[in-house]
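A.B. asks: got a structure for you, letters missing:
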């Protein structure tokens, strides 16, 4: 299937996208994924909040495209897709302004996946067990069973990455992201963009997964000035900003909008600010950027005029640090955060 998708991408991207949806849900069925994993996949693939009314359990489950659980029963007037074999159960996508080009296919394949998973009896694959162990919607009994089957004891490091190159024995996919479980607290892999967090007890993997997701939102692209692999425990108070402020809210902040405006014509803006914030002297900042000291001085003079504050002094420096942090949060939902050239 993946070879066919690769060939179709060259001649018919729409057909390739459709096959990618089919392949994704087929793999969820093969891996005996959880109900929550299927609904999360529908949200991630569509880019819209996805919901499931589960008649058998008398509950509603809703997930955002980045995997967050939503509370409330906003079933609205969205188009419903019945789940075959489960009377009274249906899926929906919360998209204003009409359906997306793949919405109907995503809902159909998600519904069929839920049907297959409710009737199948094959044991979950390793990938499916990883999903169950990390799924906050899984029952305690199912999570204990998954943890036991994966032979996890003691601390476990959860690594959530945008890269398919993540190497781990216990690995799975969650929407467009790859999750790996590393026993203990080993050195993290290099050359990927990822967030990581440690679960002191394997039964706390769902919490660690959410912490890794927070860390990923602050990770830069590989090769940029800021770290591309971020540990949640290294963030401290910074994690609160990434947890409490959504990418949309961050993008709406005036200082972040101003950075975006300046980046359009001056792609070195964020890297220059990052270097100045990270280094103790301007000469070291210039060396980090591979530019002459005088060039950096010219940039900072220009930036002070454009920003309306000095990014190297007092509160101006604090303001610049928060602006860059929020800029990363605003781009944290992107498949790959694009650091600009130095």
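C.D. replies: Structure received. Computed from a predicted structure; not experimentally measured.

A.B. asks: Point me to the helix or strand that includes the residue of the chain most remote from its centre.
C.D. replies: In the chain, residue 294 marks the outermost C-alpha relative to the chain mean, sitting 39.0 Å out by Cα atoms, centre = their mean. Using DSSP states H and E, residue 294 maps to helix 293-307.

A.B. asks: Report the mean per-residue pLDDT for the helix or strand just after that helix.
C.D. replies: Going down the chain from helix 293-307, the next helix or strand is helix 314-330, by DSSP H and E. The average pLDDT for helix 314-330 rounds to 94.

A.B. asks: repeat for stretch 276-284
C.D. replies: 90.

A.B. asks: Could you break this protein into its assigned domains?
C.D. replies: Domain ranges of the chain: 2-119, 126-235, 245-330, per automatic domain parsing.

A.B. asks: Just name the most buried of these.
C.D. replies: Among these, domain 126-235 has the highest mean neighbour count (mean count of other Cβ atoms under 10 Å), at a mean of 19. Using the backbone N, CA and C atoms, a C-beta is placed for each residue, glycine as well.

A.B. asks: For residue 104, see how far away the closest residue to residue 55 other than its chain neighbours is.
C.D. replies: Of all residues not flanking residue 55 in the chain, residue 88 sits nearest, at 3.2 Å (Cβ to Cβ, 6 or more residues apart in numbering). Distance from residue 88 to residue 104, counting by Cβ to Cβ, to the nearest Å: 21 Å.

A.B. asks: Equivalent analysis for residue 118, please.
C.D. replies: Per Cβ to Cβ, residue 118 is found 22 Å from residue 104.

A.B. asks: repeat for residue 81
C.D. replies: The gap separating residue 81 from residue 104 is 8 Å, by Cβ to Cβ.

A.B. asks: The stretch 101-250 of the chain: helices as residue ranges?
C.D. replies: With DSSP state H, counting those that start in this stretch as the criterion, the stretch 101-250 of the chain has helices at 103-119, 126-134, 140-149, 205-217, 238-244, 247-251.

A.B. asks: Remind me what the second one packs against, helices and strands.
C.D. replies: With contacts defined as 3 or more Cβ pairs under 8 Å, 6 or more residues apart in numbering; DSSP states H and E, the packing partners of helix 126-134 are helix 140-149, strand 170-174, strand 177-183, helix 205-217.

A.B. asks: run the last query once more with 10 Å
C.D. replies: If contacts are counted by 3 or more Cβ pairs under 10 Å, 6 or more residues apart in numbering; DSSP states H and E, helix 126-134 sits against helix 13-30, helix 35-46, helix 140-149, strand 156-161, strand 170-174, strand 177-183, helix 205-217.

A.B. asks: Output those in JSON lines, with distance to residue 227 and mean pLDDT appended to each entry.
C.D. replies: Putting the helices and strands packed on helix 126-134 into JSON lines (distance: least, Cβ to Cβ, whole Å; pLDDT from 0 to 100) gives the following:
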{"stretch": "helix 13-30", "distance to residue 227": "30", "mean pLDDT": "83"}
{"stretch": "helix 35-46", "distance to residue 227": "25", "mean pLDDT": "92"}
{"stretch": "helix 140-149", "distance to residue 227": "30", "mean pLDDT": "88"}
{"stretch": "strand 156-161", "distance to residue 227": "13", "mean pLDDT": "95"}
{"stretch": "strand 170-174", "distance to residue 227": "22", "mean pLDDT": "87"}
{"stretch": "strand 177-183", "distance to residue 227": "18", "mean pLDDT": "92"}
{"stretch": "helix 205-217", "distance to residue 227": "10", "mean pLDDT": "94"}
